[in-house]
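Participant: Give me a model of this one.
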Amino acid sequence: MAQAMMVQSGMPERFWQFAYSSAAFLHNCLPNSRCLNSLPHQELFGTAPSIATLYPFGADAIVHVLAVNQLHKLTPRGIECKLLKPLMSESWLLWEPSTNRMAQSARVIFPHFQPTANSSGPISKGSLGHVVNAMSLGEVPTEHLLAVENRAIDSLLLVKDVSIPEHLGRALSGPHREKWREACLPKLDQMASRDVWEAVEKKLGMKTIGHRWVFDIKRNVDGSVDRFKARLVARGDRQRPGVDCAETYTPTASLMSLRLLIATAALRGWRVASFDVSGAYLYSPVEETVLIEPPVDFLPELQGKALRLKKALYGMQQAGRCWWKFLSSILNWMGFIATEVDQSLYIFRNKEEVIAIWVHVDDGVIISNSLDKISDFKNAICAELNIKWTDKVQQIVGLECAIGEGEVAIAQRRLTNSILNAYPRPVLRRDSPLPTLPVNNLLPDKATLDPTPFRSVIGSLAYLVSGLSPDLAFAVNYLARHSMGPTATHWELLDHVAGGATSNALKLGDAPILWGSKRQSVVALSTCAAEYIVLSYLTQHLVQAISQLSQLAGDFDKNIYCDNQAAVQVLIDNKSRKRMRYLDHAFFFNPFPHLLPFGGDGKGTDRRASFATFGHCLLGTAY
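Facilitator: Below is the predicted model:
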């Protein structure tokens, strides 16, 4: 029904939400088998719907302009608008095409739906209700709209200018069908050029897996549309382990390694570049026998046949592993070696020349102290793969990067805005992620609420924290413990987070590269013991960072700063550790890195203001 409303009204696609709202209202005005003696509208609101004020979605309307708002006497007393929402309270919500603004007004005329006079006599007062609904004079200001609806309208105007179709049929029948078709055809040509499959006769009993088209829109940093994207993917959910798929494990790239590379490049003044492999999975040979249904919508000559995959296809369970093995073989042939800590970080060293590559699926970041090495790598990799090369890092895995001489700026504006726009409650600006009073003193209500929207917000915030929000780490981790049964109190705390307390962080120069917050796995008998455990966790991450940095930039000075004097004394004086023996087996490192209290080296006093922002224990590095 909503689709029919959009087509009939000719309204812009960004107003799809209001079409669905109108369709839902109309459904509630119709008889339903579950409501035997009443209408759904009566069951929901306790009153019968008024047919006299029911007009089609997108209907032409004229909004009355008050005399006080007129510039002069000849100014039109009405503004042409389009109806967005049916009359729910005391006013209609309308859109003014000439200024692209929305207004809410109670004094509206629908010229195409005026009643036809069946007599020459005077019009009765009751019949005027079909023309003008004058419940109250003047306009209702837009600030009376709900905050959630305002944010939804803003997001529709900025983001929902082009909707993403759910399947191929909708893509080829929608207003942008030519754009989507142009996105699909090159993908089929690409598969043919790379010999991804071969057609075989479909025999009785032959097991095949289906396929589907997935659509997306690539946007620029400012949110404008860059290009339409389409991808043919296999139905990996229909694969059978041990039959058409075996090993599926693929190493995942670490965001800490990415920040480590970017910070190293900024501190040392190294060259930075990035690349994107076009159709990466389509290069990867497949060992198992996998058969899929052919895309007969574009290749009707394959009707009745099956396609045996010779290369990996997106959506297959083993596709990621096949691509990782293929890319690793190319990089190993070039002389790169994957680090033990992060199998997605490859380093090549030749005397004083160093080049490092961080790879996330088909995206990569390169840093090097030699421009010639980057040029050699570019020529070598472009000879093997179809590469889109950029001599800078502007956007990678959702992070917006700007790298200058000695400084780095990283942001996640698009992700942050999408979280705020989708947040189901009004967002108020807060000075801290959680209230100042101890969260343990907030006794939650016993009644639990629907956990689905709560989990959705927590999941989005968790990725935001992993990317670039150490100040939210503790708050998000704390609320994630209650995602199974959130209450109204937990939602209030989540409001505080959405509108920054961390445990530890690693810093390279002045840039944080790793942070985290988690509940300790053992019970600490004192604050000293708790800090002791945190220092152990931090040292584990430090060992990993040292392993990568030593291959990148050689040796460097490293210090750990701690604001707990007792924990510092325990670690530098063996006799003070007698009461901590129960923790030694799991948490003691020998030797610990150089450990200093704040102010212990004459510099800690100046650093404390910035260090304390990131938590109790931090790593300081000197270059």
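Participant: give me the number of residues near residue 225?
Facilitator: 12 (other Cβ atoms under 10 Å). The way it works is simple: take the backbone N, C-alpha and C, and place the C-beta from them, glycine included.
Participant: which ones are touching it?
Facilitator: Going by Cβ atoms under 8 Å, 6 or more residues apart in numbering, residue 225 touches 161, 162, 217, 218, 219.
Participant: so where's the stretch 151-300 of the chain shaky on pLDDT?
Facilitator: 151-161, 221-223 (pLDDT under 70).
Participant: got the residue ranges for the helices in it?
Facilitator: Using DSSP state H, counting those that start in this stretch, the helices of the stretch 151-300 of the chain run over 168-171, 177-193, 255-268.
Participant: how about CSV for those, with distance to residue 415 added?
Facilitator: As requested, the helices of the stretch 151-300 of the chain are arranged in CSV below (distance: least, Cβ to Cβ, whole Å):
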stretch, distance to residue 415
helix 168-171, 26
helix 177-193, 24
helix 255-268, 13
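Participant: Need these in TSV (columns: mean neighbour count).
Facilitator: Converted to TSV, the helices of the stretch 151-300 of the chain look like this (neighbours: other Cβ atoms under 10 Å):
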stretch	mean neighbour count
helix 168-171	17
helix 177-193	15
helix 255-268	22
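Participant: If we only consider the contacts of residue 225, which is nearest to residue 359?
Facilitator: Here the nearest of the contacts of residue 225 to residue 359, counting by Cβ to Cβ, is residue 218; it sits at 19.7 Å.
Participant: which two from the contacts of residue 225 end up farthest apart in space?
Facilitator: Maximum pairwise distance in those, criterion Cβ to Cβ, is 14.2 Å, between 161 and 218.
Participant: neighbour count winner among those two?
Facilitator: residue 161 (14 against 9).
Participant: Model confidence score at residue 332, please.
Facilitator: As predicted, residue 332 sits at a pLDDT of 92.
Participant: Indicate which one of the helices of the stretch 151-300 of the chain is closest to residue 316.
Facilitator: helix 177-193 (13.6 Å).
Participant: What lies in contact with that closest one?
Facilitator: Around helix 177-193, the neighbours that count as contacts under Cβ under 8 Å, 6+ apart are 165, 168, 171-172, 174, 197, 213, 215, 227-232, 278-279, 282, 295, 298-299.
Participant: before we move on, what SS does the residue nearest to residue 241 when sequence neighbours are not counted have?
Facilitator: For residue 241, the nearest residue in space outside its immediate sequence neighbours is residue 317; the separation is 7.9 Å by Cβ to Cβ, 6 or more residues apart in numbering. What DSSP: H, G, I helix; E, B strand; the rest coil gives for residue 317 is coil.
Participant: so who does residue 326 touch?
Facilitator: 283, 284, 285.
Participant: likewise residue 297?
Facilitator: Taking Cβ under 8 Å, 6+ apart, we find residue 297 in contact with 168, 172.
Participant: From residue 10, how far off is it?
Facilitator: Between residue 297 and residue 10 the computed distance is 28 Å (Cβ to Cβ, to the nearest Å).
Participant: for the stretch 451-600 of the chain, what are the low-confidence residue spans?
Facilitator: In the stretch 451-600 of the chain, residues with pLDDT under 70: 496, 498-514, 516-521, 550, 553-558, 572-600.
Participant: Walking through it, point out its helices one by one.
Facilitator: Taking DSSP H, counting those that start in this stretch as the test, the helices found in the stretch 451-600 of the chain are 451-468, 473-480, 488-498, 527-553, 565-572, 581-587.
Participant: orientation of the longest one relative to helix 255-268 in degrees?
Facilitator: Okay, so that is helix 527-553. 60 degrees (axes from the mean of the first three to the mean of the last three Cα atoms, to 10 degrees).
Participant: any idea of the mean pLDDT in stretch 29-37?
Facilitator: Stretch 29-37 comes out at a mean pLDDT of 73.
Participant: Centroid-nearest residue for the chain?
Facilitator: residue 415 (4.9 Å; Cα atoms, centre = their mean).
Participant: Would you mind splitting this protein into its domains for me?
Facilitator: Listed domain ranges for the chain are 2-158, 168-404, 441-622 (source: automatic domain parsing).
Participant: Distance to residue 410 for these - can I get that in a markdown table?
Facilitator: Shown next, in a markdown table, are those (distance: least, Cβ to Cβ, whole Å):
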| stretch | distance to residue 410 |
| --- | --- |
| domain 2-158 | 23 |
| domain 168-404 | 5 |
| domain 441-622 | 5 |
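Participant: thinking again about what came up before, looking at the helices of the stretch 151-300 of the chain, which is closest to residue 238?
Facilitator: Of all those, it is helix 168-171 that lies closest to residue 238, at 18.0 Å by Cβ to Cβ.
Participant: list the helices and strands the closest one packs on?
Facilitator: Identification of packing neighbours for helix 168-171 by 3 or more Cβ pairs under 8 Å, 6 or more residues apart in numbering; DSSP states H and E yields helix 177-193, strand 211-219.
Participant: related to what we said a few turns ago, would you reformat the helices of the stretch 451-600 of the chain as TSV and include distance to residue 386 and mean neighbour count?
Facilitator: Shown next, in TSV, are the helices of the stretch 451-600 of the chain (distance: least, Cβ to Cβ, whole Å; neighbours: other Cβ atoms under 10 Å):
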stretch	distance to residue 386	mean neighbour count
helix 451-468	28	18
helix 473-480	39	22
helix 488-498	41	18
helix 527-553	29	19
helix 565-572	53	19
helix 581-587	49	12
